[in-house]
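Undergrad: what follows is a predicted structure for the sequence shown.
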Amino acid sequence: MSRLEKHQNKQIFQRIAIAFVLFIAFIFFFFSVGIKMLVSFTLFLNQLANNSSKQQASQQTESFNSVNIDPIPSATNSANLNFSGSSLNFDKLEIYLNDEKQDEISISDSFTGEIKGLEKGTNTVHFIAKSSSSKEIKKTPSYDILYKSDKPKLEVQEPNDNTKTNKEDIKISGLTDKETTIRVNGQPLIVDVGGKFTTMFRLKDGENKIEITAEDIVGNQEKKSLTITYSKDE
């Protein structure tokens, strides 16, 4: 065997030895670290799948259990107020007035009910829907309702009732509450922040009937009628 052949054989043997060592190292790494990494990665994928399933199940539960209350007036002049709504997979509805349970009614896909005993001023109302079969419970948002039954103030400062005048235009002025609408014979007037109102009213010959109406935000009204007689020769 020539020297060249011996050198080539030696290189082949070294390569085989290196490959064998690398193979042994790979086997050792795989069994000591690689399996743990593979198991951890598998558990991670499994956890992601479980979380996704739970999220989908939660979304399905929310979509299959719902309760909706139709818009409720923010102000009323009645101590009792009707409401309506719709539900899915709920059969009971608890009514809470100012954080106290007031009533419980049976409901179906669509329902109506009544809130009773509103207190003067601002009231807070919310509802809790319940399912007898699934034990599911869902609370609605809270609603603020102003209850006001008193008539608004209406003070007519001028003119006096049964006034006789020779002026064709007469001034009408007075005082009322804030957030109140004033109408003179059906025509609205501007009311300032202090509740003052004023306008000029054109009279016709003879007797003039003037009706002044004050109406607050919940529909309560106060009315005053004036009789003004206009005559050029007065």
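TA: Done, it's in.

Undergrad: show me the shaky parts of this protein.
TA: 1-14, 16-17, 19-23, 25-46, 48-64, 234 (pLDDT under 70).

Undergrad: domain parsing for it?
TA: 1-64, 66-147, 154-230 (automatic domain parsing).

Undergrad: with mean neighbour count added, can I get those domains in CSV?
TA: Yep, even glycine has a C-beta here, placed from its N, CA and C like the rest. Below are those laid out as CSV (neighbours: other Cβ atoms under 10 Å):
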stretch, mean neighbour count
domain 1-64, 10
domain 66-147, 15
domain 154-230, 15
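
Undergrad: pairing partners for whichever strand or helix holds Asn82, with directions?
TA: Element membership of Asn82, judged by DSSP states H and E, is strand 81-88. When sheet partners are counted by DSSP bridges, strand 81-88 sits next to strand 66-69 (antiparallel), strand 110-115 (antiparallel).

Undergrad: so what touches the helix or strand following the last one?
TA: Moving toward the C-terminus from strand 110-115, the first helix or strand encountered (DSSP H and E) is strand 121-130. Under the contact criterion Cβ atoms under 8 Å, 6 or more residues apart in numbering, strand 121-130 has outside partners 67, 69, 72, 85, 87, 90-99, 107, 115, 136-148.

Undergrad: partner strands of strand 121-130, parallel or antiparallel?
TA: Assessed with DSSP bridges, strand 121-130 is paired to strand 92-97 (antiparallel), strand 137-139 (antiparallel), strand 143-147 (antiparallel).

Undergrad: got a markdown table for those, with distance to Ser78 too?
TA: Shown next, in a markdown table, are the strands paired with strand 121-130 (distance: least, Cβ to Cβ, whole Å):
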| stretch | distance to Ser78 |
| --- | --- |
| strand 92-97 | 14 |
| strand 137-139 | 26 |
| strand 143-147 | 8 |
